[in-house]
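Engineer: Okay, sequence plus prediction incoming.
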Amino acid sequence: MQLENIKTKLNHMLEKDELFVHSIKTKKAFGQDVLEILIDGERRLGTELLERIHADILASFSDEEINPKFGIELSSVGIERPLDSIESLHKAVGRYIYFESSSYQGNGTLLAFDGDIMQVEINDKGRIRKINVPQADARKRRIAVKF
């Protein structure tokens with residue numbers, strides 16, 4: 001299976017729904033070969049939409065493109081989606097995020113991002129303050145849920 005070819009074809013199929021393939025990989029689950037496809041986009045991904053996309057995948061791909069011995073696992077990235085690109089950080093401005101860096105580990109609101117520095121508002125033991133963190137130093141970045 002050519003994962004990049006599958007990803008390209010899937011992205012073309014998903015354009016009309018303003019969605020894209022976040023990641024695609026093969027894995028083993030309970031002794032079965034699985035093709036895991038994670039979908040993302042600005043649109044809410046409910047089960048009805050995922051079912052339609054799954055049916056479209058089954059109808060659009062040949063056995064040569066997706067080996068029939070593989071089960072297809074289709075899912076959204078989830079609410080705590082990773083911020084693993086510069087573009088995703090730009091889109092996350094104004095959102096509550098989690099990250100780990102050499103100077104801070106925890107949650108905060110991403111106030112600004114200039115392509116290099118993340119300006120984050122954090123609650124430091126009850127005191128609200130702003131910190132600047134180089135994005136290259138921020139690991140495990142993801143959207144966080146604030147309760």
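Structural biologist: Yep, it's here.

Engineer: in the biggest helix by length in the chain, what counts as buried?
Structural biologist: Determined from DSSP state H, the single longest helix within the chain is helix 47-60. Under the neighbour-count criterion of 16 or more other Cβ atoms under 10 Å, helix 47-60 has 53, 57 buried. Using the backbone N, CA and C atoms, a C-beta is placed for each residue, glycine as well.

Engineer: CA-only coordinates of that helix in PDB, if you can.
Structural biologist: Below are the C-alpha coordinates for helix 47-60, written out as PDB (Å, rounded to 0.1, in the frame of the first residue of the first chain):
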ATOM      1  CA  THR A  47     -20.700   9.700  13.300                       C
ATOM      2  CA  GLU A  48     -23.000  10.200  10.300                       C
ATOM      3  CA  LEU A  49     -20.300  12.200   8.400                       C
ATOM      4  CA  LEU A  50     -17.600   9.600   9.300                       C
ATOM      5  CA  GLU A  51     -19.900   6.800   8.100                       C
ATOM      6  CA  ARG A  52     -20.400   8.500   4.800                       C
ATOM      7  CA  ILE A  53     -16.700   9.100   4.400                       C
ATOM      8  CA  HIS A  54     -16.000   5.500   5.300                       C
ATOM      9  CA  ALA A  55     -18.500   4.300   2.600                       C
ATOM     10  CA  ASP A  56     -16.900   6.600   0.100                       C
ATOM     11  CA  ILE A  57     -13.500   5.100   0.900                       C
ATOM     12  CA  LEU A  58     -14.800   1.600   0.400                       C
ATOM     13  CA  ALA A  59     -16.400   2.600  -2.900                       C
ATOM     14  CA  SER A  60     -13.500   4.600  -4.300                       C
END
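
Engineer: residue contacts, residue 48?
Structural biologist: By Cβ atoms under 8 Å, 6 or more residues apart in numbering, the contact set of residue 48 is empty.

Engineer: Helix or strand: which one has the nearest residue in space to residue 17 that is not next to it in sequence?
Structural biologist: Spatial nearest neighbour of residue 17, chain neighbours left out: residue 43 (6.2 Å); criterion: Cβ to Cβ, 6 or more residues apart in numbering. Here residue 43 is covered by no helix or strand, with elements defined by DSSP states H and E.
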